[in-house]
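1. how does the following fold in three dimensions:
(chains A and B)
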Amino acid sequence: MPKYMLIMRGTDESHAAMMASIDESMAATGRFIEEMIKAGVLLAAEGLDLPGRGVVVDFSGEAPVVTDGPYGETKELFGGYFMLDVASKQEAVEWAKRVPAVRGSKIEVRRVAGSDEVPEGNEHLVEERARRESSDQI
Amino acid sequence: MTSWDAHAAVDGVWKLESARIVAGLVRMTGDVGLAEEFAQDALLAALERWPESGVPDNPGAWLMAIAKRRAIDHLRRAERLDRKHEQLAHELTTQPDESLDLAPDGDEVGDDVLRLMFISCHPALTTEARLALTLRLVGGLRTEEIARAFLVSETAVAQRIVRAKRTLAARRIPFEVPEGRERAARLSSVLEVIYLVFNEGYAATAGEDLIRPGLCLEALRLGRVLAQLMPGEAEVLGLVALMELQASRAEARTGPEGEPIPLHEQNRGRWDRLLIRRGMTALLQARTAGGPLGPYVLQAAIAVCHAQAATAAGTDWAQIAALYDALFRVLPTPVVQLNRAVAVAMADGPEAGLALADPLLAEPAMRNYHLLPGVRGDLLARLGRSTEARAEFERAAELAQNTPERAILLKRAAACGGRDDAVTLGHAVAAFLDRADLDAGTLRAYRHTMNRMLAHLGAGIPLPEVTAERVAELFAAAWGGAADATWNRHRAAVRSFAAWAARDRGWHTADPAARLGRRHEPRGRTPALDPVFVEALLARPGLALRERTLWTMLYESTATAALALSLDIEDVKSIGGTGGTGGIEDIEDIGDHTRGTLWGPRTAGLLPQLIAGRRRGPLFLADRRPAPARTPPSRDLCPETGRRRLSYERAEYLFKQASHGNTLYQLRLTEPAATRRPSPS
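-> A predicted model of the protein is given here:
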């Protein structure tokens, strides 16, 4: 089953603009979500908390370094996503165009790769499965 | 904006808006046929204009405005403009344009879509017509996409749709959601259509090249939309839950060779957790909606039990058996009873299961259903009654339609151990067809012969009892009247099988091919097609280049379809763009093909277009790339596009579809090209 993820990518500026009229954006997003549910295409949607409340674990050096963030080094920040069950990229793009996004932000449209696109005997999948089985997660 | 972008946008917008547009037009015109025609006009207008003008800000309203204008034009132009039409046209013109705004402001639009679902699933229509009309009107699929999904011709689908529209008009079916007693029956017809669409996608045993436009996805979407439009309907939610849960296992249910993997052997790590969660939520909503438990809710509840089990061994079979008891009360069919027997056997032991399965032996509907002996074989084996189990598995293998399933059943039969030490025909055939040293074409031919032997003699017959007399009898009955070439092909298969069993395996055989004489084959027993017919076929507008080229090549030459399909670009390179004819002598490795011309001037004119700059790989390519897990040998893959070689089955299928059931073999000249009369054009 093909799935597409609409990834919201905002900048510090677009984020600030959205916060300035947060009630309006929330209402618009709510309407958009309702529209997708009515059309039978929305599988899931999540928005992330303020970037300032997050931390970044940086693997640039030998040991991972934890900093508050993400600031500065990232121009566009991952702010949330919509997961859609649609038949084609064209359709996903059409939905992306309707996201009530703030000027200056971007929506990235990406297909979610299915597990059948990885060979059955793939060692990582086998390990992952063994791990999940041993921890009763499946 | 480039034209590709605009076309992509039209595709996307159409998928999003078409149901609402068509539904609105049906409400205005009161006629499904007219509504669809005007919607199509609008779609064409978008395809023409958007590439130049760009995609409008509100594409849905744009399409609706065009469609509405066409509707008015049509009604005005109609010769017999009766007063009713006039009035309708007047109303449409004077309606304020805001009413066309398709912003999701209203239940009005949603209600129209709901009415559209009910009318396209109307019981006055045949099941096929309901499926086609619903996918077309509500799902926004093109006729061609529907045809491909159901493995029928576009013409057939178009006819179904036309007939359905006529029936709706002739019977004056109102555009409404019925109330009262009729409502429940009509709703169950809608649910049935959606679930049939889903199963067509889910249970498909499609050939390698067949393109499926995601029928499961379309059905899920229809179900989810319906659940929004009819909140609180338990069975609608139950169906959505059932489909979400079944879809969650889609990727885990076939192996790398396309063989089905039974539920208890599936890799549960590949189940889609998101869909499982959605299925569980929908089921919870269905239970909250209340009312008696219907068949969809109960089936969804069973699916949830499987989804919740961390391992196959951890399945709550007692709960599942109880749910099947309840399901059998509302849906007392033999298939439900058989499933119930399996669940009860898992919960209370094989004896209890067998007690439920045995009465089904008397059921006429189950007589040719391979799963009944399959299930009984399994239960008998678990009870240690291996001789009976073996007979049941062998019977199941005889009845099974698809080859992988048959192979599994024969393996299980062999595993039962046996009456004696002699190898059975079933076992020998399974091993013979399991050889890795035969090419796909040979295997396919052998399988055909072997299946016929199994059907006639039974899989359980010991190999030494497959005598020359019995085989000769089978041949006389099965192929006595067949073409000589057919007879010889089956004979060759039996000879190869006998030789392999005796020499490679050292099994005792009774020389089964001893009494089969080789027949002399005069060429061309099947009549060649009438040139007028062929010319008409080749002149058909919209015929794909690949088909045009292949058919022209076969028509103009002595080449067989198998040889033509085996051609690589390298083989035909010598023609370049010169338009000359190609000789069979130019090609190496053509085996014992009769020397002659491989293609004529018309083919030569088409080849450069077909090759279109490719330098290597198969000449005729399939429509899509194979799944990564099913990668064919590299000689059958195009290094540039990754698509595989066009298969014989697919080529034959396409020709049959286009030519009313004729075969590629009939596509040849009756006389040498030089002496043939020019065909009338």
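2. hey, let's count contacts and neighbours off CA atoms from now on
-> Fine.
3. next one, pLDDT for residue B:402 please.
-> At residue B:402, the model reports a pLDDT of 69.
4. same question for residue B:106.
-> Residue B:106 is assigned 53 on the pLDDT scale.
5. list the contacts for the closest residue to residue B:263 other than its chain neighbours?
-> Of all residues not flanking residue B:263 in the chain, residue B:253 sits nearest, at 7.3 Å (Cα to Cα, 6 or more residues apart in numbering or on different chains). Contacts of residue B:253 were listed using Cα atoms under 8 Å, 6 or more residues apart in numbering or on different chains, and they are B:260-263, B:266.
6. dihedrals phi and psi, residue B:626?
-> The phi/psi pair for residue B:626 (degrees, to the nearest 10) reads phi -70, psi 160.
7. mind checking how far it is from residue B:618?
-> 14 Å (Cα to Cα, to the nearest Å).
8. same thing with residue B:529?
-> Distance of residue B:529 to residue B:618, given as Cα to Cα: 27 Å.
9. again, but for residue B:343
-> Here residue B:343 is placed at a distance of 49 Å from residue B:618 (Cα to Cα).
10. one step back: between residue B:626 and residue B:618, which has more neighbouring residues?
-> Between residue B:626 and residue B:618, residue B:618 has the larger neighbour count (other Cα atoms under 10 Å in any protein chain shown), namely 26 against 17.
11. mind pulling up the pLDDT for the residue nearest to the more buried one when sequence neighbours are not counted?
-> For residue B:618, ignoring the flanking residues on the chain, the nearest one in space by Cα to Cα, 6+ apart is residue B:568 at 4.2 Å. Each residue has a pLDDT score; the one for residue B:568 is 84.
12. burial count for residue B:568?
-> For residue B:568, the neighbour count with other Cα under 10 Å is 20.
13. my guess is it contacts residue B:617, does it?
-> Yes - between residue B:568 and residue B:617 there is a contact at 5.3 Å, judged by Cα atoms under 8 Å.
14. and the strands in chain A?
-> For chain A, applying DSSP state E gives strands covering A:3-10, A:42-47, A:55-58, A:65-68, A:77-84, A:106-112.
15. how near is residue B:521 to chain A?
-> 47 Å (Cα to the nearest Cα, to the nearest Å).
16. which SS state does that residue fall under?
-> Three-state assignment for residue B:521 (DSSP: H, G, I helix; E, B strand; the rest coil): coil.
17. with residue B:667 as the reference, measure out to the closest residue to it other than its chain neighbours.
-> Across the structure, with Cα to Cα, 6+ apart as the measure, the residue nearest residue B:521 apart from its sequence neighbours is residue B:484 (5.5 Å). Remark: distance between residue B:484 and residue B:667 (Cα to Cα) = 19 Å.
18. please name every helix or strand in contact with the lengthiest helix in chain B.
-> With secondary structure taken from DSSP state H, chain B has its longest helix at helix B:3-29. Helices and strands touching helix B:3-29, by 3 or more Cα pairs under 8 Å, 6 or more residues apart in numbering or on different chains; DSSP states H and E, are helix A:89-97, helix B:32-53, helix B:59-77, helix B:107-120, helix B:127-137.
19. so which of those helices gets nearest residue B:186?
-> With Cα to Cα, the closest approach to residue B:186 among these belongs to helix B:107-120: 7.1 Å.
20. chain neighbours aside, what residue packs nearest to the closest residue to chain B within chain A?
-> In chain A, the residue that lies nearest chain B is residue A:91 (4.0 Å; Cα to the nearest Cα). In space, and not counting its chain neighbours, residue A:91 is closest to residue B:12: 4.0 Å by Cα to Cα, 6+ apart.
21. just want the most central residue of chain A.
-> Centroid check for chain A by Cα atoms, centre = their mean gives residue A:81 as the closest residue, at 3.3 Å.
22. run a quick neighbour tally on the closest residue to it other than its chain neighbours.
-> When the adjacent residues along the chain are set aside, residue A:81 lies closest to residue A:7, with 4.6 Å between them (Cα to Cα, 6+ apart). A total of 20 residues lie near residue A:7 under the criterion other Cα under 10 Å.
23. any idea which residue of chain B lies closest to chain A?
-> Using Cα to the nearest Cα, the single residue of chain B nearest to chain A is residue B:12, 4.0 Å away.
24. just the pLDDT at residue 44, thanks.
-> As the question left the chain open, I've gone with chain A. According to the model, residue A:44 scores 93 on pLDDT.
25. correction: the question concerned chain B.
-> At residue B:44, the predicted lDDT confidence score is 93.
26. ok, now the one 4 residues further on?
-> For residue B:48, the pLDDT comes out at 92.
27. from residue B:20, how far off is it?
-> Counting by Cα to Cα, the gap from residue B:48 to residue B:20 is 22 Å.
28. neighbour count: these two, which is higher?
-> Counted by other Cα under 10 Å, residue B:48 and residue B:20 do not tie: residue B:20 has more neighbours, with 23 against 14.
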